[in-house]
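**Student:** Give the three-dimensional model of this entry:
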Amino acid sequence: MAINEEWTRRGKMIQNARLAKGMKQSEIALMLGKSISAISSYELGTRRPNIDDAKKLCDLLELDITQLI
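**Tutor:** Residues are numbered from 1 along each chain as shown. The predicted model follows:
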């Protein structure tokens, strides 16, 4: 799988987990101290969260960190 496809898949996983929790991008952004556009970029797979943000995101969305790194 190409890198872009892999990050697109990871982004979709983030989005699906967020939606399953009934959360908005703005809520996640506020909790992480990031912009809404950053969260959108994570979900689109065009930007990767740094390791600290990935950990926080996984805690919030109950994802396994190994799924994002």
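
**Student:** Tell me where the model's unsure across this structure.
**Tutor:** Along the chain, segments meeting pLDDT under 70 span 1-3.

**Student:** do that again at 90, thanks
**Tutor:** Applying pLDDT under 90 to the chain flags the ranges 1-4, 6-7, 66-69.

**Student:** Can you tell me the centre-most residue of it?
**Tutor:** Central residue of the chain (C-alpha atoms, centre = their mean): Ile14, 4.2 Å from the mean position.

**Student:** So what touches the host helix or strand of that residue?
**Tutor:** Ile14 is part of helix 3-20 when elements are defined by DSSP states H and E. With contact meaning C-beta atoms under 8 Å, 6 or more residues apart in numbering, helix 3-20 is reached by 1, 24-25, 28, 42-46, 48, 57, 61-63, 67-68. (Each C-beta comes from the backbone N, C-alpha and C, glycine too.)

**Student:** same thing but at 10 Å, please
**Tutor:** With contacts defined as C-beta atoms under 10 Å, 6 or more residues apart in numbering, helix 3-20 is touched by 1-2, 23-25, 27-28, 39-49, 54, 57-58, 60-63, 67-69.

**Student:** Inside helices: which ones of the residues you listed?
**Tutor:** Among these, the subset assigned to helices under DSSP state H consists of 25, 27-28, 39-44, 54, 57-58, 60-61.
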